[in-house]
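Visitor: Curious how this folds, go ahead:
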Amino acid sequence: MGLYLKKAISLFVNKVCSILFIPYELVLYLGGLIKLIFTSDREFPVVGLIPIIGNNHMEAGGIDRHYYLQDIYMARKVRENMPSHHYDIGSRVDGFISHLLCDNIKVTMIDIRPLPVKVEGLSFIQGDATNLEQLDSNTIDSLSTLHAVEHFGLSRYGDKIDSNASKKAISAIQRVLKKGGYLYFSVPISNRNGIVYNSHRVFRPNYIREHFGEMELVSFAYIHDYKINEYFGEEAEKVISDNNFNEYDCGMFVFRKK
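Guide: Now for the predicted structure:
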């Protein structure tokens with residue numbers, strides 16, 4: 001519980017600080033507005049107000065400690081095999097999926113949530129990934145699910161509570177992949193299994209390895225402190241078996257169906 005208690009305290013402190021700074025930020029905003037009104041020329045008059053405060057404390061770019069590196073790394077893994085059509089379950093559209101579309105890889109995305117826009121090269125199926133009932137068995141050459149399965153069955157995204165949802169998804173994924181098909185899979189990893197309700201699960205990597213029994217492990221990597229540690233073959237199997245992992249990192253698996 002140590003890491004999650006620290007995260008909860010940090011979020012609370014940041015929220016309190018942001019509230020306390022609102023009056024100061026408003027003074028800066030109004031001061032800037034008054035100066036702009038009296039110094040702007042006729043070519044660009046002030047025509048509206050949208051108060052945006054706090055951005056002056058932001059960094060040049062937000063790099064998430066998992067998603068940013070994960071999406072680049074896994075997109076490169078998919079690109080190595082250049083499938084004519086790739087399927088995905090619940091990964092980020094504005095990250096991983098967009099990387100694939102830039103490589104002209106056609107993608108069909110499955111998600112329990114609706115996708116309200118149409119994007120060239122991207123098809124969408126609204127469905128339950130714990131059964132993948134819209135997909136036939138042994139038909140898919142290339143499939144991914146990145147940082148998604150850990151949320152299944154926790155009601156966070158409108159799905160029903162189901163303690164076995166992650167197991168069901170793993171089974172469904174193996175069912176739809178054809179022999180020789182590739183799976184690109186990532187979840188939060190730890191040295192123990194657990195649920196942080198209703199945010200996510202964490203998985204021991206050897207739990208993932210054991211439950212993908214129909215699959216051959218091609219590579220394993222994990223992100224810790226913005227660094228990707230990558231392993232192949234027997235070395236990957238040993239690292240997973242040793243289970244010397246932190247309380248919360250991002251584990252990335254590439255499998256091929258036997």
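
Visitor: how about low-confidence regions in the stretch 1-150 of the chain?
Guide: For the stretch 1-150 of the chain, applying pLDDT under 70 flags the ranges 1-21.

Visitor: show me where it has helices.
Guide: With DSSP state H, counting those that start in this stretch as the criterion, the stretch 1-150 of the chain has helices at 2-20, 22-39, 67-81, 98-102.

Visitor: residue contacts, H85?
Guide: 105-108, 141-142 (CB atoms under 8 Å, 6 or more residues apart in numbering). For glycine as for every other residue, the C-beta is placed from the backbone atoms N, C-alpha and C.

Visitor: if you set the cut-off to 6 Å instead, what comes out?
Guide: K106 (CB atoms under 6 Å, 6 or more residues apart in numbering).

Visitor: what does T130 give?
Guide: 165, 168-169.

Visitor: Go again with 7 Å.
Guide: 152, 165, 168-169, 172 (CB atoms under 7 Å, 6 or more residues apart in numbering).

Visitor: now swap in S142 and tell me
Guide: Here S142 is in contact with 78, 81, 83, 86-87, 181-182 (CB under 7 Å, 6+ apart).

Visitor: likewise S144?
Guide: 74, 78, 86, 88, 91, 184.

Visitor: Name the residues linked to it by a beta bridge.
Guide: D88, Y184 (DSSP bridges).

Visitor: Of the contacts of S142, which is the nearest to H99?
Guide: V78 (8.5 Å; CB to CB).

Visitor: Number of residues surrounding Y68?
Guide: 16 (other CB atoms under 10 Å).

Visitor: Pull the number of nearby residues for the closest residue to F185 other than its chain neighbours.
Guide: Spatially, and ignoring its direct neighbours in sequence, F185 is nearest to F253 (4.6 Å; CB to CB, 6 or more residues apart in numbering). Neighbour count for F253, taken as other CB under 10 Å: 24.

Visitor: Can you name the residues that contact G180?
Guide: 256-257.

Visitor: What helix or strand is it located in?
Guide: Using DSSP states H and E, G180 sits within strand 177-189.

Visitor: Just after that strand, pick out the following helix or strand.
Guide: strand 194-196.
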